Structure formats: structure tokens, C-alpha cells
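Visitor: next comes the sequence, and after it the predicted model I'd like to discuss.
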Amino acid sequence: YKEGYGGLWITARDLCSIGIMLCSKGKYAGKQILKKETVEEMLCQQKGKGGITADTPYGLGIQYEDRLDPGIVYYGHQGASNGVVSCMYFNPETGLVFVLVTNGCNNRKINYISALIRRMYEIVREECDTR
């Protein structure tokens, strides 16, 4: 057995809890888990900090994503390893957290995002819009 790149083992529910905490500026279930400033830095573009000289879609371990839904910025990350396809994206302005963990599929990408992640996101957005 080969472990994933980051070595993270987590449930979809717990991954969603992290997204909720990041949307809430580091607070979860009434407790401050991360400092507000830490979360802000995680979401901040890193160009010009340390040795980073190029434009990058990454903050500190979190990707800035504007290709999932035109006009809406999400933060998060997607991953695929050993047949697993997963992601967690969140929008601090709306509080929407989207998590997907599956045991595999054709991991074809459309504009750098898994086709499965795109379709599942569309379904969730449609459901949210009808409520």
C-alpha cells in the first residue's frame, strides 16, 4: 500500500469541519482553533513572500480557485491518490463548504478540475439555489 502525497487520512465530515472553521476565521464550535491572522495568511497570495517570485494560485496549503464557478472565488484543494478522488472547497463570504471523497473514477480534468468534482459541485449549487 502506498500512502497519498500529504499522508492525510480524514473523513468527509471532518474535512467539512475544517472548511467550516476556515470560513469562520479559525473558529469552530465556539472555540478559536486557529488565529484569525493565520487563516488570513493561509488565504493570501504568496507572491513576494519569502522566496516566492511567481504568481501562484496557492496560499499556505490552500488553493485560490476561480475556475470552479465563474465569478465566485473558492479556496481549498483537490487530490487524487491510489484511486481516491477528493476535494474541499469553501467560500468565506457565503459560508458554502463543498467536500467530495470517492473511491475512484475516471479522473479526467476540465480546466484543471476533476470532471466529477465539477459535476457534483453543480448539483450542490443547483440544490442550494432552489432552497
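Guide: The structure has been received and is ready for your questions.
Visitor: could you use CA atoms for every contact and neighbour count after this?
Guide: OK.
Visitor: make sure residue 22 is indeed in a helix.
Guide: Yes: checked against DSSP: H, G, I helix; E, B strand; the rest coil, residue 22 lies within a helix.
Visitor: what about it, distance to residue 83?
Guide: Using Cα to Cα, to the nearest Å, we find residue 22 at a distance of 27 Å from residue 83.
Visitor: compare these two (neighbour count), which wins?
Guide: Remark: of residue 22 and residue 83, residue 22 carries more neighbours, 27 against 13, as counted by other Cα atoms under 10 Å.
Visitor: where do the helices of this structure begin and end?
Guide: Listed in chain order, the helices found in the chain under DSSP state H are 12-23, 36-43, 115-130.
Visitor: put together JSON lines for the ones you listed, with distance to residue 102 and mean pLDDT on each row.
Guide: Rendered in JSON lines, the data for the helices of the chain read as follows (distance: least, Cα to Cα, whole Å; pLDDT from 0 to 100):
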{"stretch": "helix 12-23", "distance to residue 102": "9", "mean pLDDT": "94"}
{"stretch": "helix 36-43", "distance to residue 102": "26", "mean pLDDT": "92"}
{"stretch": "helix 115-130", "distance to residue 102": "10", "mean pLDDT": "83"}
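Visitor: most packed of these?
Guide: Highest mean neighbour count of those: helix 12-23, a mean of 19 (counted as mean count of other Cα atoms under 10 Å).
Visitor: who's in contact with that one?
Guide: For helix 12-23, contacts defined as Cα atoms under 8 Å, 6 or more residues apart in numbering pick out 27-28, 33, 39, 88-93, 95, 97-101.
Visitor: now do 7 Å
Guide: Contact with helix 12-23 is made by 27, 28, 39, 88, 90, 91, 92, 95, 97, 99, 100, 101, as judged by Cα atoms under 7 Å, 6 or more residues apart in numbering.
Visitor: and the residue nearest the centre of the protein?
Guide: Using Cα atoms, centre = their mean, the residue of the chain that lies closest to the mean C-alpha position is residue 76, 1.9 Å off.
Visitor: once you drop chain neighbours, what's closest to that one?
Guide: Distances taken as Cα to Cα, 6 or more residues apart in numbering put residue 89 closest to residue 76, at 4.2 Å, once the chain neighbours are dropped.
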